[in-house]
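*Asks:* Got a predicted structure plus its sequence, pasted below:
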Amino acid sequence: YLDALEITFPGQWRFTGAGNNAHVVGGKCPDFVHVSEKKIIELFGIFWHKRSEELERIEHFRKFDYKTLVIWEDEQMEAAMQKIQDFTNS
């Protein structure tokens, strides 16, 4: 997704999920943060996450005024990118 985000939205999204790029919000580190707006994209793997965690994560970041979009690994890339485009432009 990192490459697809950079191609589709050059310079708008920053990977913050690990290492020196870590961006912590209320003790949690989101996967991607928009560079100028309080928006987060989380990528959820089916093995690592439960469907019930999606709303919990959205609500957690909402407390800090972030809008959050969760993309699941089993979503088709084209559909996921459309959701991201709609989210980015909202």
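*Replies:* Ah, there it is.
*Asks:* Tell me the spacing between the residue lying closest to residue 17 once chain neighbours are set aside and residue 70.
*Replies:* In this structure, residue 17 finds its nearest non-sequential neighbour in residue 31, 4.4 Å apart by C-beta to C-beta, 6 or more residues apart in numbering. Using the backbone N, CA and C atoms, a C-beta is placed for each residue, glycine as well. Residue 31 is 10 Å from residue 70, where distance means C-beta to C-beta, to the nearest Å.
*Asks:* any common contacting residues for the two?
*Replies:* 41-43 (C-beta atoms under 8 Å, 6 or more residues apart in numbering).
*Asks:* so of those, which ones are in strands?
*Replies:* Per DSSP state E, strands hold the following members of the shared contacts of residue 31 and residue 70: 41-43.
*Asks:* Tabulate those residues in CSV, adding columns for neighbour count, distance to residue 51 and pLDDT.
*Replies:* Formatted as CSV, these follow (neighbours: other C-beta atoms under 10 Å; distance: C-beta to C-beta, whole Å; pLDDT from 0 to 100):
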residue, neighbour count, distance to residue 51, pLDDT
41, 24, 17, 96
42, 20, 13, 95
43, 19, 14, 92
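*Asks:* Do I have it right that residue 61 meets residue 27?
*Replies:* No: between residue 61 and residue 27 there is no contact under C-beta atoms under 8 Å: 11.1 Å.
*Asks:* Who has more neighbours out of the two?
*Replies:* Using other C-beta atoms under 10 Å as the criterion, residue 61 and residue 27 rank with residue 61 on top: 20 against 6.
*Asks:* Quickly find the element holding that one.
*Replies:* Per DSSP states H and E: residue 61 is located in helix 53-62.
*Asks:* mind listing what the next helix-or-strand element following that helix pairs with, with the direction of each?
*Replies:* Next along the chain after helix 53-62, taking DSSP H and E as the criterion, comes strand 67-72. Note on strand 67-72: by DSSP bridges, its sheet partners are strand 39-44 (parallel).
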